[in-house]
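**Q** Fold the following, please.
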Amino acid sequence: MIALIQRVKRASVTVEDKVISEIKDGLLIFLGISATDTPKTIEWLSKKIVGLRIFSDQNDKMNFSVKDLDADILLVSQFTLYANVKKGNRPSFSDSAPATLAIPLYEQMIKAIEEKLQKPIQTGEFGADMKVDLLNDGPVTICIDTENYKI
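**A** Residues are numbered from 1 along each chain as shown. Got it, this is the predicted structure:
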């Protein structure tokens, strides 16, 4: 899995001119799922996301997590995170999981984050043409590729 995590002041997802999800202070997470991902990947990454200390304390040091601050999360599936541009100019997405595998893993990730955060999260709509609006805070953007951690 690849998680592109952005600390935001606000974020929303619009599908067919209708806002379907929105948050204020929190994390906007774009999630790419590969065919090699498993429930073990979900467990590790969801724990990492909820515990990631990227919110500033009173001394402007990153000491607080989204859970510490009871902030919100907006999780958006994004297969294009697995774009391979090695050959030619048109990206290949062959490393991303097919929908039959990705949808159940995406749903498991939602549940895993909600359990660890101890509250519901907001989501995009899997497979939809989404418009994502955000105000990055910092900016703070962190990319976690679980392949780098041999999960």
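
**Q** Pairing partners for the residue nearest the centre of the chain in the sheet, please.
**A** The chain has Ile29 as the residue nearest its centroid, 2.4 Å off, counting by C-alpha atoms, centre = their mean. Beta bridges link Ile29 to Ile5, Leu75, judged by DSSP bridges.

**Q** if I pick it, what's in contact with it?
**A** Counting by C-beta atoms under 8 Å, 6 or more residues apart in numbering, Ile29 touches 3-6, 49, 73-76. The C-beta positions use only the backbone N, C-alpha and C, and glycine is treated the same way.

**Q** Ser12 versus that one, what's the distance?
**A** According to C-beta to C-beta, to the nearest Å, Ile29 stands 14 Å off from Ser12.

**Q** what's the overlap in contacts for these two?
**A** With C-beta under 8 Å, 6+ apart, Ile29 and Ser12 have common neighbours Leu74.

**Q** Quick one: the helices in the protein, in order.
**A** Secondary structure of the chain (DSSP state H): helices located at 39-51, 99-117.
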